[in-house]
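Undergrad: fold the stuff below for me.
(one chain, ligands or ions: 1)
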Amino acid sequence: MPEPNWTPVEAAFYELLRSLLTVWNEVGLPPEARSEVEALLAQAKRGQLGALNRARRRLLRHEQVKSWLERERASLLEEENLRLVRLPGGPTSQERPAFCCPTSGCEYVWYQRVAAVTPPPCPIHGCDLDRADSS
Ligand SMILES: [Zn+2]
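TA: Numbering: from 1, shown residues only. Predicted coordinates for the structure are as follows:
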């Protein structure tokens, strides 16, 4: 496990980028970019969170990474029930309406991937989630 004092989302994102390295060629990424990303992830593991963000930005230049990331991250977030952190420059979630906890200060966000699935209650507060279209 990474030693830095990461949030669950950051730690999950790190593992996600690590797993991208294992499918690098399948995703169709240029081989010359791989060592740069590996170096950034190594820096991130040493506690440099800026490196994690640089690796993310570096990877998001590639359209195939965006779609891979959206897909992987969505399933990861559902499985791990993690809070979502929006990716700057990433694809929007227009096709997946967001629902937020109405409790002040609560950052829980749930994305509806299938319209027939109703939003669950906030896992922290137990209250119904509000649709967050306007933000
Ligand atoms: Zn809440």
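Undergrad: may I see the buried residues of stretch 25-44?
TA: Within stretch 25-44, the residues scored as buried using 16 or more other C-beta atoms under 10 Å are 27, 29, 37, 40-41, 43-44. Using the backbone N, CA and C atoms, a C-beta is placed for each residue, glycine as well.
Undergrad: what of stretch 125-135?
TA: Quick answer for stretch 125-135 (16+ other C-beta under 10 Å): Leu129.
Undergrad: least trustworthy helix or strand in this protein by mean pLDDT?
TA: One helix or strand of the chain scores below all others by mean pLDDT, DSSP states H and E: helix 63-80, with a mean of 70.
Undergrad: next structured bit after that one?
TA: Next along the chain after helix 63-80, taking DSSP states H and E as the criterion, comes strand 98-100.
Undergrad: direction included, what does the helix or strand just after that following strand pair against?
TA: Scanning forward in sequence from strand 98-100 by DSSP H and E, the next helix or strand is strand 109-111. Sheet pairing of strand 109-111 (DSSP bridges) gives strand 98-100 (antiparallel).
Undergrad: and the partner strand, how far out from the chain middle?
TA: 16 Å (C-alpha atoms, centre = their mean, to the nearest Å).
Undergrad: and the buried residues of stretch 25-44, which is closest to the ion?
TA: Nearest to the ion among these, counting by C-beta to the ion, is Ala44 at 29.2 Å.
Undergrad: over to the closest one. Which of the three states is it?
TA: helix (DSSP: H, G, I helix; E, B strand; the rest coil).
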